[in-house]
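Peer 1: Take a look and give me a structure for this.
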Amino acid sequence: MHTKVTGGKNLSSYSHGGGGGWGVVPDDAIEQTVSEDGLHMFTGEFQINKDSEERRKVALRRVGHPGCGSPALPPGAQQAHPIQVTNSTMNVPLVCDYGSGFSKVGFSGTAAPLAIFPTILGKLRHDNPLVGMEEKDWFIGAEVQNKRGQLNLQYPVSRATIADWDNMEKIWHHSFYQVLHIAPEQHPLMVTEPPLNTMSNKEKVSQILFETFNVPALYLANQGVFSLYASGQTSGTTIESGEGMTYFVPIVEGCPLHQSTIQMDVAGQDLTLYLLQLLTDSGHSLVGTADREYIRDVKEKCCHVALDFNKGKMKASSPSNAQKYQLPDGREINIGRERFSCPEALFQTNLIGRNNLGIHMMAFRSISSCNPTLWRVLFGHVVLSGGTGSCSGLQLRMQKEISALVTPTINVKVRSSPSTLWGLPPFIPQHQQLFIGYYELQ
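Peer 2: Numbers count the residues shown, from 1 in each chain. Below is the predicted model of the structure:
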């Protein structure tokens with residue numbers, strides 16, 4: 001894999017999974033000559049009243065609502081439009097997606113992120129003999145894995161929301177300087193945000209990225225909307241299920257319907273803990289945070305959503321149908337009915353001690369709360385995205401369950417979305433209109 005950015009820096013060592021479908025950043029995609037017909041919004045030079053609180057709030061609301069106030073993004077659009085920036089060159093935007101479990105960073109217009117790393121920090125314990133001997137006290141992302149037993153672990157993103165701003169700033173710094181090896185002040189920045197992000201969080205993110213990292217322009221991208229775009233649609237319903245939260249986002253012509261957007265606090269981390277409990281109850285000795293990370297891998301590789309839970313569980317109970325999984329330390333575990341019981345908690349939340357409606361019922365509630373004239377399109381384009389949303393068998397089960405809840409005259413179609421911001425053209429008019437400059441927020 002030969003990946004370059006401006007200045008000839010090789011990013012191949014930071015790609016996830018050793019290449020394959022991750023794609024490259026072509027030289028002509030990183031640095032573009034811009035023409036006169038783009039938007040000067042990127043420069044931050046706006047003829048506005050800096051004391052206008054309303055203008056600032058409008059700017060923040062506009063960011064992340066790609067369909068509101070502008071035409072919908074045309075699926076499959078290929079034309080990249082240059083951007084005018086004070087008679088100089090503006091590099092392609094950075095794209096950063098920071099989740100509760102993993103962070104993905106790269107460039108707009110590429111096939112996939114250039115790097116994926118755990119959204120985790122570790123600080124050397126005070127009683128660690130390496131304190132004072134290491135070059136640094138803090139470790140981030142993949143660095144944490146090799147020193148996990150020597151560190152106090154901290155997770156800056158919890159339930160899809162930034163919980164520790166100081167640590168999140170460290171994650172941003174790590175992304176720009178240690179992973180991508182770029183100067184953030186030279187690239188516009190697209191950062192994903194959860195569908196129900198608060199105004200105060202938008203303001204805090206914008207403040208840090210503009211004032212600490214000096215990004216020239218910022219775009220907070222609604223995860224749900226771009227998951228729908230990645231499927232080739234501008235209207236439909238996104239079910240965004242990641243590590244910390246599951247969101248249900250009805251969208252019409254690129255505009256999320258906020259009054260019908262709901263969330264469920266059952267997601268990947270809950271399934272991991274449930275699988276850990278199931279395997280422990282089966283007699284496996286699994287303790288500590290390291291084992292929890294192993295179980296996450298077991299979940300992703302072995303678990304399957306059964307089309308019929310009772311039949312699947314009975315079939316898996318047979319020893320001949322059990323799967324063997326070898327942990328990194330050499331231990332081997334057999335996983336049988338746990339494969340099906342674990343993800344079933346998405347549909348029967350009482351299995352993990354919750355009283356939420358199941359994921360299928362939540363999707364039905366979200367769509368049903370919209371205007372009935374929209375039901376056909378919202379039920380007809382249901383998109384599953386996020387790590388948990390890609391669980392084996394989930395698409396077929398959701399198709400079955402939602403179809404059973406609606407009238408036969410409504411055709412339910414559930415599909416998976418392969419990505420969000422990656423793979424979309426880097427500069428299309430709808431994107432340009434949504435970037436904001438620092439002075440627009442003043």
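
Peer 1: Quick check: can you list the domain ranges of this protein?
Peer 2: For the chain, automatic domain parsing gives the domain ranges 12-119+166-227+421-441, 121-154, 236-265+357-416, 268-350.

Peer 1: Could you give the average pLDDT over the second one?
Peer 2: When you say that, I think you mean domain 121-154. Domain 121-154 carries an average pLDDT of 77.

Peer 1: now do the same end-to-end measure for that domain.
Peer 2: With Cα to Cα, to the nearest Å as the measure, domain 121-154 spans 5 Å from end to end.

Peer 1: swap in stretch 232-248?
Peer 2: Span of stretch 232-248 from end to end, Cα to Cα: 18 Å.

Peer 1: backbone phi and psi for residue 377, please?
Peer 2: For residue 377, the backbone dihedrals (degrees, to the nearest 10) come out as phi -80, psi -30.

Peer 1: Next one, pLDDT for it please.
Peer 2: Listed pLDDT for residue 377 reads 98.

Peer 1: Give me the pLDDT value at the residue lying closest to it once chain neighbours are set aside.
Peer 2: Using Cβ to Cβ, 6 or more residues apart in numbering and skipping the chain neighbours, the partner closest in space to residue 377 is residue 235 (5.0 Å). From N, CA and C alone the C-beta is placed, and that goes for glycine too. Model confidence at residue 235, given as pLDDT, is 97.

Peer 1: ok, how many other residues are close to residue 235?
Peer 2: 18 (other Cβ atoms under 10 Å).

Peer 1: Could you report the distance from it to residue 360?
Peer 2: The gap separating residue 235 from residue 360 is 21 Å, by Cβ to Cβ, to the nearest Å.

Peer 1: How about the contacts made by residue 374?
Peer 2: 250, 252 (Cβ atoms under 8 Å, 6 or more residues apart in numbering).

Peer 1: Return the set of residues that bridge with residue 140.
Peer 2: residue 121 (DSSP bridges).

Peer 1: coming back round to it: got TSV for the domains of the chain, with distance to residue 160 too?
Peer 2: What follows is these, written out as TSV (distance: least, Cβ to Cβ, whole Å):
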stretch	distance to residue 160
domain 12-119+166-227+421-441	4
domain 121-154	17
domain 236-265+357-416	4
domain 268-350	11
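
Peer 1: Going along the chain, name the helices of the stretch 151-300 of the chain.
Peer 2: Per DSSP state H, counting those that start in this stretch, the stretch 151-300 of the chain carries helices over the ranges 165-173, 199-211, 223-230, 268-281, 288-302.

Peer 1: deepest of those, which one?
Peer 2: Mean neighbour count (mean count of other Cβ atoms under 10 Å) peaks for helix 223-230 among the helices of the stretch 151-300 of the chain, with a mean of 27.

Peer 1: What helices and strands are in contact with that helix?
Peer 2: Helices and strands touching helix 223-230, by 3 or more Cβ pairs under 8 Å, 6 or more residues apart in numbering; DSSP states H and E, are strand 189-193, strand 236-241, strand 246-252, strand 382-385.

Peer 1: which of those strands is buried the deepest?
Peer 2: Most buried among the helices and strands packed on helix 223-230, given mean count of other Cβ under 10 Å as the contact rule, is strand 236-241, at a mean of 29.

Peer 1: List the neighbouring strands of it plus their orientation.
Peer 2: Its sheet considered, strand 236-241 pairs with strand 246-252 (antiparallel), strand 382-385 (parallel) by DSSP bridges.

Peer 1: For residue 305, find the nearest of those strands.
Peer 2: Smallest distance to residue 305 across these (Cβ to Cβ): 10.7 Å, for strand 382-385.

Peer 1: can you list the weak-confidence ranges in the stretch 301-442 of the chain?
Peer 2: In the predicted model of the stretch 301-442 of the chain, residues 316-320, 418-433, 439-442 satisfy pLDDT under 70.

Peer 1: Can you show me the helices along it?
Peer 2: Going by DSSP H, counting those that start in this stretch, the stretch 301-442 of the chain shows helices at 309-316, 338-344, 359-368, 375-380, 394-403, 429-432.

Peer 1: could you point out where the stretch 101-250 of the chain is predicted with low confidence?
Peer 2: In the predicted model of the stretch 101-250 of the chain, residues 127-135 satisfy pLDDT under 70.

Peer 1: ok, so what distance separates residue 269 from residue 189?
Peer 2: To residue 189, residue 269 is 27 Å away according to Cβ to Cβ.

Peer 1: Ok, residue 175 next?
Peer 2: Residue 175 is 10 Å from residue 189, by Cβ to Cβ.

Peer 1: which residues are common contacts for these two?
Peer 2: residue 96.

Peer 1: show me where the stretch 51-200 of the chain has strands.
Peer 2: In the stretch 51-200 of the chain, the strands defined using DSSP state E, counting those that start in this stretch lie at 90-91, 94-98, 102-107, 115-118, 121-124, 138-140, 151-154, 157-158, 161-162, 189-193.

Peer 1: Give the partner strands of the last one in its sheet and their orientations.
Peer 2: This points to strand 189-193. Here strand 189-193 is paired, per DSSP bridges, with strand 94-98 (parallel), strand 218-222 (parallel).

Peer 1: Residue 158: which of those is closest?
Peer 2: Taking the strands paired with strand 189-193 one by one with Cβ to Cβ, strand 94-98 is closest: 11.7 Å.

Peer 1: From the chain's centroid, how far away is that closest one?
Peer 2: 9 Å (Cα atoms, centre = their mean, to the nearest Å).

Peer 1: ok, how many other residues are close to the residue nearest to residue 167 when sequence neighbours are not counted?
Peer 2: Nearest residue to residue 167, sequence neighbours excluded (Cβ to Cβ, 6+ apart): residue 156, at 3.8 Å. Residues lying near residue 156 (other Cβ under 10 Å) number 22.

Peer 1: Pull the contacting residues for residue 156.
Peer 2: If you count contacts by Cβ under 8 Å, 6+ apart, residue 156 has them with 119, 121, 162-165, 167-168, 170-171.

Peer 1: What of residue 209?
Peer 2: Here residue 209 is in contact with 172, 184, 189, 191, 215, 218 (Cβ under 8 Å, 6+ apart).

Peer 1: Now distance to residue 283 too, for those residues, in TSV please.
Peer 2: Converted to TSV, the contacts of residue 209 look like this (distance: Cβ to Cβ, whole Å):
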residue	distance to residue 283
172	43
184	50
189	49
191	44
215	52
218	51
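
Peer 1: what's the closest of these to residue 98?
Peer 2: Closest to residue 98, out of all of the contacts of residue 209 and judged by Cβ to Cβ, is residue 191, at 7.3 Å.
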